[in-house]
Every structure is written in structure tokens, then in C-alpha cells.
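> Pasting the sequence and the predicted coordinates here, then a few questions.
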Amino acid sequence: MATETLADSLLDDLDDLSDAEEDQNQENAVAIDEINNSNDSSNHDDVINVDDCSSSASNKKWFIDDAKLQTHLAAIETPRTLSMGANDNDEQQYQLMTASNKFLITVQNELHRIHQDLIAAYRPKFPELDELLPNPIAYKNSIKVIQNATDLTLFNDQLISEAKLTPNQIITLSVASSTTQGEVLEPSQLQLVNNCIECMEQTQFIQQKLILFVESHMERLAPSVSILIGASLAARMIATAGGMAELCKIPSCNLQVLGQVKATSASRAGMGTSIASATAASNAGGNSRVSKPHEGMLAECDLYHRVPGYLQRKALKVIAAKLALAIRCDYVNLESGRKRSNESGKKFRAEIERKFAKLEEPSMAPVVKALPKPDMETKKRRGGKRMRLLKEQFSESEMMKQANRRGFSTESGEYGDDAMGLTLGLLEKTKDGSGAIRHMAGSAGNKRKIKQANTKAARKKAAQMNAVGQTNGLASSMIFTPVQGLELVNPDAMREKVKSANNKWFSDNSGFQSALPKKK
């Protein structure tokens with residue numbers, strides 16, 4: 001039975017594969033037909049008109065009209081009844097907060113999409129504006145003020161008050177608008193731009209409403225994080241990351257720069273392209289503050305501003321490390337269904353405060369040590385054979401001693417070095433010829449010993465020098481003979497011959513030998 005079952009299963013797999021191949025062939029045929037149809041249509045109309053883009057954008061369905069979103073907004077605005085139990089109320093609040101975090105991600109993506117549509121709609125009028133103002137909020141507010149005007153100098157006050165632009169940005173926009181290649185928009189195109197602006201503002205209003213709801217219930221969702229950095233900042237970080245699950249996966253080094261607002265040299269705007277940071281800045285009622293290097297929205301917490309400026313960078317690292325632990329504690333309690341408490345957050349906050357207090361303590365003053373008691377006794381100097389040899393190397397020679405001596409009753413010249421006293425002393429010659437450099441009597445004290453290296457090569461060389469006997473200086477290898485005349489001989493050959501004969505006859509090991517010739 002097992003064999004039959006295996007065979008049946010193999011046959012079924014083959015049938016499934018054949019069916020899948022047929023389906024794939026059908027899909028490929030349909031795809032080829034669609035490509036051909038698209039190619040045919042593209043040949044008829046290669047240029048895309050702006051009116052077509054406007055009509056497609058106007059027919060696009062916005063996310064703010066989504067039924068689920070409207071239902072969720074109505075649910076969070078409805079007050080909770082007291083007739084419900086505490087557990088049921090907590091469970092509903094948790095479900096609403098989880099849904100709010102998910103909707104925050106979708107709303108953030110929708111803001112980015114609307115921003116791209118607004119750029120595409122307004123690019124025929126001012127193509128350089130999206131590069132000069134990368135901040136979506138500043139871009140939207142500027143378009144709302146400029147509209148279809150060509151002279152931007154007439155709207156300087158409105159750009160400062162409504163669009164929240166700096167004078168430097170306004171000057172840049174004025175210069176760019178005077179040299180732009182854009183054209184005046186048609187009424188339909190301008191209506192599309194205003195529709196995008198209105199939709200973007202409504203989406204921002206919904207995002208702000210979701211953030212406020214999450215902030216108000218953040219102490220229940222993440223109590224440790226809320227007590228560590230504050231409920232408002234915790235809600236913003238969760239919204240930026242996309243939820244508790246995504247936030248707990250971020251390491252502490254990246255938590256420091258989460259929501260960072262960077263300055264771009266191309267735009268001169270001093271604002272980043274992040275939707276979340278731009279929305280927070282607009283809600284604050286002004287331009288976003290340009291962050292320091294490696295610093296994000298976490299630098300807005302109260303713990304960071306308690307320490308002095310020279311310790312803030314180190315303090316940010318400490319806060320981010322404890323925040324990463326607090327987020328994981330809250331997320332584990334949230335997923336496992338355990339009771340959520342702020343004990344971990346209190347513990348981490350106390351540790352941070354103790355560490356900051358330790359860092360702010362002034363350094364200890366240098367201890368002034370008393371001088372040691374003066375030693376009036378003469379210190380013992382190192383002596384011995386090595387020091388005596390060292391002194392002998394630098395001692396005065398006998399010849400210099402004679403040169404430094406002066407003889408009495410000696411005549412000295414009236415001119416030259418003699419008159420100045422620069423003489424050779426007792427080494428100088430006198431009239432009778434005496435006083436020349438004399439041969440100093442050699443003594444054991446005057447002779448300096450030459451230290452030889454105690455190595456194998458030095459010992460071998462000394463043995464060879466001792467083995468070779470000194471020969472007379474008059475010995476020569478050239479002799480004169482009456483027969484041959486001049487002849488070269490070895491003077492050591494006869495000596496070796498005599499030495500070998502003596503060893504043969506008179507050595508201790510020669511024994512008894514006969515000097516008579518041997519009989520044949």
C-alpha cells in the first residue's frame with residue numbers, strides 16, 4: 001500500500017505541473033497581447049499632454065475618503081461609556097491605539113504621494129521650486145501663497161508669515177523665479193494644484209488627530225517609554241518608526257538620529273525632506289530647528305537639556321541606550337498580554353540621572369605634595385672595574401701632560417705664538433736640540449688594554465696567531481746555487497723534513513728501529 005500511495009502522489013504532482021504549465025502559457029500569451037496593444041497605442045500618441053495628467057489626477061481617489069479611516073476617526077472621537085467594564089475598555093483602547101499606529105504609517109505614505117502629485121502639477125509653472133524647497137510643508141505653503149503670480153517680490157510678507165520662510169529663502173526664490181522657464185498655468189491646472197493643497201492639509205489634520213490620540217493613551221501603550229522621554233515625544237517616535245514592533249527593532253545608535261532634520265546646501269532651506277519632521281515643525285508654529293550632527297528628535301527630551309552643552313552628546317548616547325531597552329520591555333509586555341507598568345522606565349531614568357550627576361561632578365583639585373627632606377649626605381657613586389676602565393679612556397695622556405708643563409730658564413720668542421704663550425711646553429725643541437718628543441718609558445699603567453670580544457671567531461683567530469711562529473725578517477725563498485743559479489725554494493720545507501725525521505727516530509712512540517738498510 002505504501003508503494004501504491006507513493007506512486008499515486010507522484011502522478012498527482014505530474015498532473016499539477018502540467019496544469020501549471022498550461023496556465024503559465026496562457027498568462028504569457030495575455031501579457032504579450034497587452035504589450036502589443038500598448039505599443040500600438042504608444043505609436044499613435046507619443047507625447048503625454050498636461051491635460052491628461054490633470055484629468056487622471058483629478059479622478060484619483062484620495063485616502064482621506066477611505067471608509068475604514070472615517071470609521072476609525074469616528075471611533076476615537078466617541079467618548080467611552082462608563083457602563084463598560086474596565087477590561088473591555090482597556091482592550092478597546094488598545095485596539096484603537098494599534099489601529100491608529102497603522103493608520104499613521106498609511107497617512108505618512110499618503111502625504112508623500114500627494115506631495116509628488118503637487119510637484120507634478122506645479123512643475124510647468126515653477127520647475128525649480130521643488131529643489132529649492134525640499135520640505136513638503138514649506139513647498140505646499142509657498143505654492144498656496146504664490147499661486148499663478150510671476151513677481152514674487154509682492155508676496156514677501158505673506159511668504160514670511162504664512163509659508164514660514166526665511167529672508168534668505170525668499171531671496172533665492174525671487175532670483176530663481178526671474179530666470180525660470182515656466183509658464184502660467186491654465187485655470188484647470190491651477191484648480192488641480194489647489195485640490196492637491198487642500199487634500200494635503202486635510203491629511204495633515206487627520207495625522208495630527210491620530211498623533212494626539214496616541215499621545216493621550218501613550219502611558220497605557222508604552223508606560224516605560226513615556227516616563228523616560230515623555231508621552232508626546234514617544235508618540236512621535238512611534239509614528240515615525242511605524243509602530244512599536246518597528247521601533248523596538250531599531251538599535252540605540254539609530255535612535256539618536258531618528259527624525260533628524262538635515263540642512264542641504266542646494267536648497268539653502270535648512271529643512272529636511274522628512275514628512276514627520278516637517279509636520280512636527282509646522283505644528284510647533286515655525287521652521288524646524290536644524291539638528292546638530294548625529295542628533296534627531298530624541299534631543300528634545302528633558303533629560304537631554306538638563307546637562308551642560310559639553311556633555312550633551314554623551315548624554316544622548318546614554319538616553320538612546322536606555323530607551324532601546326525600555327521600548328523592548330513595553331513591547332514584550334504588550335505582545336505577551338502581561339500587565340504593563342512603568343517600573344522599568346523609572347529604573348532606567350534613575351540610572352540616567354545618577355550617571356549625569358556623576359558626570360557633572362567637578363574634578364578633584366590637584367594635591368600639593370610637600371617637598372622631600374633634603375639629603376645632606378654625599379651620595380655614593382658607582383665604582384668598580386668598569387668605571388675605572390671608562391675613566392682611563394678619557395684620562396689625559398702622558399704626551400699631553402708634557403705639553404702642558406712649562407720649563408724654567410728657557411728662552412721664548414718675541415713674536416708669534418711664543419709671545420702669546422701658545423707653546424708645546426716640554427715637547428718643544430730648544431737650541432741644543434733637547435726637548436724633542438721623548439719616548440715615554442712604557443709601564444703597565446701607561447699601556448691601555450684593548451678589550452677583545454669573547455666570541456668564537458675571536459678565540460679562533462687568537463689561536464691561529466699563537467700557532468704561527470715568528471720568522472726572521474731576512475729569510476727569503478730565493479737562493480743562489482752553483483748549478484742552477486737563481487732558484488726559488490720553500491724555506492720551511494727543510495724545517496718540516498727535520499721535524500719529521502726527529503719524530504720518526506726520537507719520538508716517544510718510535511720504538512726500536514734499525515738504521516741498517518733492509519735486505520732484499
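Yep, that arrived. Quantities reported herein were computed from a predicted structural model and do not represent experimental measurements.
> Distance check, residue 517 against residue 511.
Distance check for residue 517 against residue 511: by C-beta to C-beta, to the nearest Å, it reads 19 Å. Where C-beta positions appear, they are placed from N, C-alpha and C, glycine not excepted.
> hey, where'd the helices end up in the stretch 251-400 of the chain?
Using DSSP state H, counting those that start in this stretch, the helices of the stretch 251-400 of the chain run over 252-255, 275-284, 302-306, 312-336, 343-360, 385-393, 398-404.
> pLDDT value on the nearest residue in space to residue 324 that is not next to it in sequence, please?
Excluding the flanking residues, the one nearest residue 324 by C-beta to C-beta, 6 or more residues apart in numbering is residue 252, at 4.2 Å. Model confidence at residue 252, given as pLDDT, is 91.
> again, but for residue 68
On the pLDDT scale, residue 68 gets 85.
> Tell me who's in contact with it.
Applying C-beta atoms under 8 Å, 6 or more residues apart in numbering to residue 68 gives no contacts.
> what about it, which SS state?
The three-state assignment at residue 68 reads helix, by DSSP: H, G, I helix; E, B strand; the rest coil.
> For residue 184, find the nearest of the helices of the stretch 251-400 of the chain.
helix 275-284 (28.3 Å; C-beta to C-beta).
> Quick one: mean pLDDT for the closest one?
43.
> again with stretch 115-131
Stretch 115-131 carries an average pLDDT of 90.
> Now do it: distance from first to last residue.
Start to finish, the residues bounding stretch 115-131 are 13 Å apart (C-alpha to C-alpha, to the nearest Å).
> Tell me which residues of that stretch come out buried.
By 16 or more other C-beta atoms under 10 Å, the buried positions in stretch 115-131 come out as 115, 117-122, 124-126, 128-130.
> The residue nearest to residue 324: what's it in contact with?
Residues in contact with residue 252 (C-beta under 8 Å, 6+ apart) are 317, 320-321, 323-324.
> repeat that for 10 Å
298, 316-325, 327 (C-beta atoms under 10 Å, 6 or more residues apart in numbering).
> Are any of those residues buried, and if so which?
By neighbour count, with 16+ other C-beta under 10 Å, the contacts of residue 252 hold 298, 316, 318-325, 327 as buried.
> Relative to residue 256, which of the residues you listed is nearest.
The closest of those to residue 256 turns out to be residue 320 (C-beta to C-beta; 4.7 Å).
> Quick check, pLDDT for the closest one.
Per-residue confidence (pLDDT) for residue 320: 94.
> Pretty sure it sits against residue 314.
No. Counting by C-beta atoms under 10 Å, residue 314 is not a contact partner of residue 320; they are 11.0 Å apart.
> before we move on, the earlier item: can you flag the weakest of the helices of the stretch 251-400 of the chain by average pLDDT?
helix 275-284 (a mean of 43).
> Return the most buried member of the helices of the stretch 251-400 of the chain.
Comparing these on average neighbours per residue, with mean count of other C-beta atoms under 10 Å, the densest one is helix 275-284 at a mean of 21.
> Quick check: buried residues in stretch 166-179?
166, 169-170, 172-173, 176-177.
> Could you list every helix and strand in contact with the host helix or strand of residue 188?
Assigned by DSSP states H and E, residue 188 belongs to helix 187-216. For helix 187-216, the packing partners by 3 or more C-beta pairs under 10 Å, 6 or more residues apart in numbering; DSSP states H and E come out as helix 50-58, helix 67-77, helix 86-122, helix 136-146, helix 231-241, helix 275-284.
> need those helices in CSV with distance to residue 420, can you?
What follows is these, written out as CSV (distance: least, C-beta to C-beta, whole Å):
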stretch, distance to residue 420
helix 50-58, 109
helix 67-77, 113
helix 86-122, 100
helix 136-146, 94
helix 231-241, 93
helix 275-284, 91
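> closest one to residue 375 among these?
helix 231-241 (66.7 Å).
> how about that closest one as PDB, C-alpha atoms only?
What follows is helix 231-241, C-alpha atoms only, in PDB (Å, rounded to 0.1, in the frame of the first residue of the first chain):
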ATOM      1  CA  ALA A 231       4.400  60.900  26.100                       C
ATOM      2  CA  SER A 232       4.400  63.400  23.200                       C
ATOM      3  CA  LEU A 233       7.900  62.500  22.100                       C
ATOM      4  CA  ALA A 234       7.200  58.800  22.500                       C
ATOM      5  CA  ALA A 235       4.100  59.100  20.200                       C
ATOM      6  CA  ARG A 236       6.100  61.000  17.600                       C
ATOM      7  CA  MET A 237       8.900  58.400  17.600                       C
ATOM      8  CA  ILE A 238       6.400  55.500  17.300                       C
ATOM      9  CA  ALA A 239       4.700  57.300  14.500                       C
ATOM     10  CA  THR A 240       8.000  58.000  12.700                       C
ATOM     11  CA  ALA A 241       9.100  54.400  13.000                       C
END
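> pLDDT (mean, whole number) over that helix?
Here helix 231-241 scores 83 as its mean pLDDT.
> Could you do stretch 71-90 as well?
66.
> re earlier: which single one of the contacts of residue 252 is nearest to residue 401?
Set against residue 401, the nearest of these by C-beta to C-beta is residue 317 (76.3 Å).
> so who does the closest one touch?
Contacts of residue 317 by C-beta under 10 Å, 6+ apart are 252-253, 255-256, 294.
> when you check the buried residues of stretch 166-179 against the helices, which ones overlap?
169-170, 172-173, 176-177 (DSSP state H).
> now those in TSV, with pLDDT and distance to residue 401?
What follows is these, written out as TSV (pLDDT from 0 to 100; distance: C-beta to C-beta, whole Å):
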residue	pLDDT	distance to residue 401
169	85	93
170	87	96
172	87	92
173	87	97
176	87	96
177	85	101
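> Dump those to JSON lines, plus distance to residue 222.
Conversion of those to JSON lines gives the following (distance: C-beta to C-beta, whole Å):
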{"residue": "169", "distance to residue 222": "37"}
{"residue": "170", "distance to residue 222": "42"}
{"residue": "172", "distance to residue 222": "42"}
{"residue": "173", "distance to residue 222": "42"}
{"residue": "176", "distance to residue 222": "45"}
{"residue": "177", "distance to residue 222": "47"}
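> Show me the two of the residues you listed that sit farthest apart.
Comparing all pairs in those by C-beta to C-beta, the longest separation belongs to 169 and 177, at 12.3 Å.
> Poorly predicted segments of this structure, please.
1-61, 79-91, 94, 261-291, 381, 429-453, 467-489, 491, 519-520 (pLDDT under 70).
> ok so, going back, among the helices of the stretch 251-400 of the chain, which is nearest residue 183?
helix 275-284 (28.5 Å).
> List the residues that contact residue 106.
Listed by C-beta under 10 Å, 6+ apart, the contact partners of residue 106 are 63, 66, 68-69, 207, 242.
> switch the cut-off to 6 Å
Shown in contact with residue 106 (C-beta atoms under 6 Å, 6 or more residues apart in numbering): no residues.
> ok, back up a step: tell me which of the helices of the stretch 251-400 of the chain approaches residue 140 most closely.
Proximity to residue 140 (C-beta to C-beta) singles out helix 275-284 among the helices of the stretch 251-400 of the chain, at 9.4 Å.
> Figure out which of the helices of the stretch 251-400 of the chain is closest to residue 460.
Here helix 385-393 is closest among the helices of the stretch 251-400 of the chain (C-beta to C-beta), at 25.4 Å.
> wait, residue 328 sits on residue 250?
No. Counting by C-beta atoms under 6 Å, residue 328 does not reach residue 250; the two are 10.5 Å apart.
> before we move on, back to that, make CSV out of the helices of the stretch 251-400 of the chain and add distance to residue 454.
Output for those, formatted as CSV (distance: least, C-beta to C-beta, whole Å):
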stretch, distance to residue 454
helix 252-255, 64
helix 275-284, 80
helix 302-306, 72
helix 312-336, 61
helix 343-360, 62
helix 385-393, 15
helix 398-404, 30
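> between the ones you listed, which gets nearest to residue 503?
Closest to residue 503 of the helices of the stretch 251-400 of the chain, according to C-beta to C-beta: helix 385-393, at 45.8 Å.
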